[in-house]
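In: sequence-free structure coming up:
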């Protein structure tokens with residue numbers, strides 16, 4: 001995800017929302033495949049798992065309920081940062097291989 005894509009989502013651009021919805025299954029598939037790939041070291045895997053756990057577990061830096069909007073935004077920001085860092089820390093050729101395989105339907 002790049003910054004322009006996130007900005008378009010925040011602007012409630014229907015086309016950006018549709019693009020995200022269309023690509024979401026492939027993104028989940030890519031993360032799952034990379035998480036299980038033995039060629040990816042433990043550091044990116046820990047980053048992704050920690051980000052997902054922070055998003056899911058109710059213990060937060062900013063509480064969700066008294067600060068309704070801000071509490072959820074920090075969870076989302078941590079999740080987005082973890083997913084981006086996960087992809088950046090994975091070996092580029094491994095990511096490209098999995099993207100190609102997903103595009104081919106494999």
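Out: Yep, it's here. Because the structure is predicted, anything quoted here is derived from the model rather than measured. Residues are numbered from 1 along each chain as shown.
In: how close does residue 58 get to residue 52?
Out: Distance of residue 58 to residue 52, computed by CB to CB, to the nearest Å: 14 Å. C-beta: built from backbone N, CA, C; applies to glycine.
In: now swap in residue 45 and tell me
Out: Separation of residue 45 from residue 52 (CB to CB) stands at 11 Å.
In: for residue 95, which non-adjacent residue is closest in space?
Out: residue 87 (6.2 Å; CB to CB, 6 or more residues apart in numbering).
In: what pLDDT does the one you found get?
Out: If you check residue 87, the pLDDT there is 92.
In: do the same with residue 29
Out: On pLDDT, residue 29 comes in at 93.
In: who touches it in this structure?
Out: residue 102 (CB atoms under 8 Å, 6 or more residues apart in numbering).
In: likewise the one 4 residues further on?
Out: Going by CB under 8 Å, 6+ apart, residue 33 touches 98, 101-102.
In: JSON lines for these, including neighbour count?
Out: Listed next are the contacts of residue 33 as JSON lines, based on neighbours: other CB atoms under 10 Å:
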{"residue": "98", "neighbour count": "20"}
{"residue": "101", "neighbour count": "13"}
{"residue": "102", "neighbour count": "15"}
